[in-house]
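1. what's the 3D shape of this:
(4 chains)
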There are 4 protein chains.
Amino acid sequence: MLPTATKTEFSVTRIRVRYAETDQMGVVYYANYLIWMEVARVDYCQALGFRYKDLEIDHGVLLAVTEANCRYLSPARYDEEVEIRTTISRANRRVVTFDYEMRSVSTGARLATGFTSHIFLNREMRPTTLPVQFRRLFGITER
Amino acid sequence: MLPTATKTEFSVTRIRVRYAETDQMGVVYYANYLIWMEVARVDYCQALGFRYKDLEIDHGVLLAVTEANCRYLSPARYDEEVEIRTTISRANRRVVTFDYEMRSVSTGARLATGFTSHIFLNREMRPTTLPVQFRRLFGITER
Amino acid sequence: MLPTATKTEFSVTRIRVRYAETDQMGVVYYANYLIWMEVARVDYCQALGFRYKDLEIDHGVLLAVTEANCRYLSPARYDEEVEIRTTISRANRRVVTFDYEMRSVSTGARLATGFTSHIFLNREMRPTTLPVQFRRLFGITER
Amino acid sequence: MLPTATKTEFSVTRIRVRYAETDQMGVVYYANYLIWMEVARVDYCQALGFRYKDLEIDHGVLLAVTEANCRYLSPARYDEEVEIRTTISRANRRVVTFDYEMRSVSTGARLATGFTSHIFLNREMRPTTLPVQFRRLFGITER
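-> Residues are numbered from 1 along each chain as shown, chains lettered A, B, ... in the order given. Sure, this is the predicted structure:
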């Protein structure tokens, strides 16, 4: 879909808060935002024109998380629709960082921002480089 | 530990309810009881004298769930200690059923009862039989 | 949307399997099917013409699970789209049972079937009856 | 237990990796480390001499997460025992930050480090200050 991936491009994901994702404080439990980030970056890959699943299966390349961060600005609540904007803030042959912004669809309020950094691993769980044909998609110009 | 596994024997597991396991109703979300059952049946295997992990890694035998059932009697709450009694109610070379009873440690109240039925799968995810050396442990007398 | 709720009517929910929902066996972890059932029955309520959330907030009525059952027929895998057909198999003023059938959208294979039974609770977590205006929606003819 | 809480003191928590916590990569799914942090900071409170639950129930004070961070150093695996060392790196009347270090018990390898920052909320979910009697426990000397 997207001709090239640059910092200015982003994908949009919508999820609806599940009952399972709330806790007794009456809001979404904080670890679940990281699950939403995973859903969002899979959608980002889809927007770039490939399925993350195929990267794993066909190319034997796994995207392993090295760091995750989330700032919680306003609590998400049950049954609320949440929109996640995802972009790549940094990418080279060995690492990639996704940035996320989450908003309530009904109020527009920012719920959270965050990022996840990843390295590429092969099936033996050792660091590898992103296959050449994917580099342009991730906005990587280096060889 | 246990010389033989028969219907009358059981293992005891204690877990403490995590905040993550509650929902906005203020009690434990119902799917989490199935996670506790998993923790409990791993402990049951341990009580039988082997680690479930080794069954997977060393023998390539997976315990795949074919049915799960839980009756919710009294809600479990955050930070509560829960005791799970686990036993095998049925076992042969191809299938095994675990029964569970969960109680509040502080009040003694029964929280839930349930069972999980399983078949043995090999690494190719096809039905197989339990290796001979494990059969006696599971109370299986057939050849 | 639906004029009346009878046993022959059902709602259809589609979810996509999240990476978080898989386990090291390479398939969906068994407790997650119960989370999908929750998503599906909320959609069923929506199809009946109300939001489950409003039942809790506006009417102070909670749908507490008394029993859950799932038969696992064929494993669901990462990134697979799953269709859940939900219907009410039994309902009266005090209890309701939802039936679920889950299929792979791409292959049509049945993945699982199951049910959840519920009682209606008030905010004090005591049994109550379903408010009159909701009874017809649930196919309850009794007074 | 601990007479005073200062930066040099820490609590130790041990958890065993659940099957439910793994994903199809064969290692622990990254969001679950945040759940372990929650278990660990509850234990930290316990080590300080109070139960987090009582802070919520008796004092109406909730510890709401404002930021969470985790660096993943080495993957945790199924059935592995993980030791979490927790300490408070910053605390005043309004905010508190917990630091965590996770190690494999069997190998001693560092698995992850992270922190969570929190503000104190009252039952109306508005910012409040930590009750005076808890301040010394958290190493807070200000009035």
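
2. would you map the strands across chain A?
-> A:11-16, A:62-72, A:81-91, A:95-104, A:110-121 (DSSP state E).

3. so is the second one next to chain D?
-> Which is strand A:62-72. Yes - using C-beta under 8 Å from any C-beta of the partner chain, strand A:62-72 reaches chain D at A:Leu62, A:Ala64, A:Val65, A:Thr66, A:Glu67, A:Ala68, A:Asn69, A:Cys70, A:Arg71, A:Tyr72. All C-beta spots, glycine's among them, are computed from the backbone N, C-alpha and C.

4. max pairwise distance over those: which two?
-> Pairwise distances across the residues of strand A:62-72 next to chain D (C-beta to C-beta) peak at 28.1 Å, for the pair A:Leu62 and A:Tyr72.

5. thinking again about what came up before, just the buried ones from the residues of strand A:62-72 next to chain D, in PyMOL syntax?
-> What follows is the PyMOL syntax for the buried subset of these, where burial is set by 16 or more other C-beta atoms under 10 Å in any protein chain shown:
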select buried, chain A and resi 62+64+65+67+68+69+70+71+72
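
6. which non-adjacent residue is nearest A:Gln24?
-> Setting aside the residues directly before and after it, A:Gln24 is nearest to B:Thr22 in space (C-beta to C-beta, 6 or more residues apart in numbering or on different chains), at 4.0 Å.

7. ok, A:Arg135 next?
-> A:Arg93 (6.8 Å).

8. burial of the one you found, as a residue count?
-> A:Arg93 is flanked by 17 other residues according to other C-beta atoms under 10 Å in any protein chain shown.

9. go on, the one 4 residues further on?
-> A count of nearby residues for A:Thr97, using other C-beta under 10 Å, gives 15.

10. isn't it right up against A:Ser89?
-> Yes - A:Thr97 lies in contact with A:Ser89 (C-beta atoms under 8 Å); the separation is 5.1 Å.

11. common neighbours of the two, please.
-> A:Phe115 (C-beta atoms under 8 Å, 6 or more residues apart in numbering or on different chains).

12. tell me which residue is most central in chain A.
-> Most central in chain A under C-alpha atoms, centre = their mean is A:Arg41, positioned 2.6 Å from the mean C-alpha point.

13. tell me which residues touch that residue, please.
-> If you count contacts by C-beta under 8 Å, 6+ apart, then A:Arg41 has A:Tyr52, A:Leu63, A:Thr86, A:Phe98, A:Tyr100, A:Thr116 around it.

14. residue numbers of chain A in contact with chain C?
-> Taking C-beta under 8 Å from any C-beta as the criterion, the neighbours of chain C within chain A are A:Arg18, A:Tyr19, A:Ala20, A:Ile35, A:Glu38, A:Val39, A:Val42, A:Arg51, A:Tyr52, A:Lys53, A:Tyr78, A:Asp79.

15. tally of neighbours for the second one?
-> It stands for A:Tyr19. Burial of A:Tyr19 is recorded as 22 neighbouring residues (other C-beta under 10 Å).

16. for the first one, same thing?
-> Around A:Arg18 sit 19 other residues, with neighbours defined as other C-beta under 10 Å.

17. off-centre distance for stretch A:70-81?
-> 17 Å (C-alpha atoms, centre = their mean, to the nearest Å).

18. wait, the residue nearest to A:Gln24 touches A:Asp23, no?
-> Yes - using C-beta under 8 Å, B:Thr22 is in contact with A:Asp23, at 5.0 Å.

19. quick check: residues of chain A near chain B?
-> A:Tyr19, A:Ala20, A:Thr22, A:Asp23, A:Gln24, A:Met25, A:Gly26, A:Val27, A:Tyr29, A:Ala31, A:Tyr78.

20. could you dump those to JSON lines with distance to C:Arg123 and pLDDT?
-> Shown next, in JSON lines, are those (distance: C-beta to C-beta, whole Å; pLDDT from 0 to 100):
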{"residue": "A:Tyr19", "distance to C:Arg123": "16", "pLDDT": "97"}
{"residue": "A:Ala20", "distance to C:Arg123": "21", "pLDDT": "98"}
{"residue": "A:Thr22", "distance to C:Arg123": "16", "pLDDT": "97"}
{"residue": "A:Asp23", "distance to C:Arg123": "18", "pLDDT": "97"}
{"residue": "A:Gln24", "distance to C:Arg123": "14", "pLDDT": "95"}
{"residue": "A:Met25", "distance to C:Arg123": "17", "pLDDT": "94"}
{"residue": "A:Gly26", "distance to C:Arg123": "13", "pLDDT": "94"}
{"residue": "A:Val27", "distance to C:Arg123": "18", "pLDDT": "96"}
{"residue": "A:Tyr29", "distance to C:Arg123": "22", "pLDDT": "98"}
{"residue": "A:Ala31", "distance to C:Arg123": "27", "pLDDT": "98"}
{"residue": "A:Tyr78", "distance to C:Arg123": "16", "pLDDT": "96"}
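
21. buried members of the residues you listed into PyMOL, please.
-> Those of the residues of chain A next to chain B that count as buried under 16+ other C-beta under 10 Å are selected in PyMOL with:
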select buried, chain A and resi 19+20+22+23+24+25+27+29+31+78
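
22. for chain A, which helix is longest?
-> When chain A is parsed with DSSP state H, its longest helix is helix A:32-48.

23. average pLDDT for it?
-> Helix A:32-48 shows a mean pLDDT of 96 in the predicted model.

24. how far off centre is it?
-> 4 Å.

25. equivalent analysis for stretch A:10-30, please.
-> For stretch A:10-30, the distance to the chain centre is 15 Å (C-alpha atoms, centre = their mean).

26. once you drop chain neighbours, what's closest to A:Arg16?
-> Spatial nearest neighbour of A:Arg16, chain neighbours left out: A:Glu81 (5.3 Å); criterion: C-beta to C-beta, 6+ apart.

27. state the distance from the one you found to chain D.
-> 21 Å (C-beta to the nearest C-beta, to the nearest Å).

28. ok, now A:Val61?
-> From A:Val61 across to chain D, the span is 12 Å (C-beta to the nearest C-beta).

29. okay, now the unreliable bits of chain A?
-> Filtered on pLDDT under 70, chain A yields the residue ranges A:1-8, A:143.

30. show me which residues of it sit near chain D.
-> Residues of chain A lying close to chain D by C-beta under 8 Å from any C-beta are A:25, A:30-32, A:34-35, A:38, A:62, A:64-72, A:75, A:116, A:125.

31. understood, closing this out.
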